[in-house]
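Undergrad: make a model of this:
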Amino acid sequence: MTFTLILEDGREVKRKIKDFYYEGCEIADRNPNAAMVVEELDGNLTYLPLSMFVCEEWMDGDIVVRIDRA
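TA: Residues are numbered from 1 along each chain as shown. Below is the predicted model of the structure:
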């Protein structure tokens, strides 16, 4: 699975990951801790708060996430 992060200046950072999913989204409008979760190849978890990141694409093992600080 390939994870691509698009930075604010348009640069892209890519890496291989084990898994990607959402946590706490069923109540995201009331849950400030709702996040996208990236499971790294070594099993560590990275949490991307929904208030700061937007998932632009999630298909066929390719995930594209953009920083959104608007």
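Undergrad: list the contacts of the residue nearest the centre of the chain.
TA: In the chain, the centroid-proximal residue (Cα atoms, centre = their mean) is Met36; its distance is 4.5 Å. For Met36, the contact set (Cβ atoms under 8 Å, 6 or more residues apart in numbering) comprises 20-23, 47-48, 50, 53, 55, 65. Just so you know, the C-beta spots here come from the backbone N, C-alpha and C atoms, and that holds for glycine as well.
Undergrad: which of the residues you listed count as buried?
TA: Buried residues within those, counting neighbours by 16 or more other Cβ atoms under 10 Å: 20, 48, 50, 53, 65.
Undergrad: the fourth one pairs with what?
TA: By that I understand Phe53. Ile67 (DSSP bridges).
Undergrad: pLDDT value on it, please?
TA: Listed pLDDT for Phe53 reads 93.
Undergrad: how close does it get to Met36?
TA: Using Cβ to Cβ, to the nearest Å, Phe53 is found at 6 Å from Met36.
Undergrad: low-confidence ranges, the protein, go.
TA: Where the chain drops to pLDDT under 70, the residues are 25-30, 70.
Undergrad: quick one: the helices in it, in order.
TA: Assigned by DSSP state H, the chain shows no helices.
Undergrad: how about the strands in it?
TA: 2-6, 12-16, 19-23, 35-39, 45-49, 53-59, 62-67 (DSSP state E).
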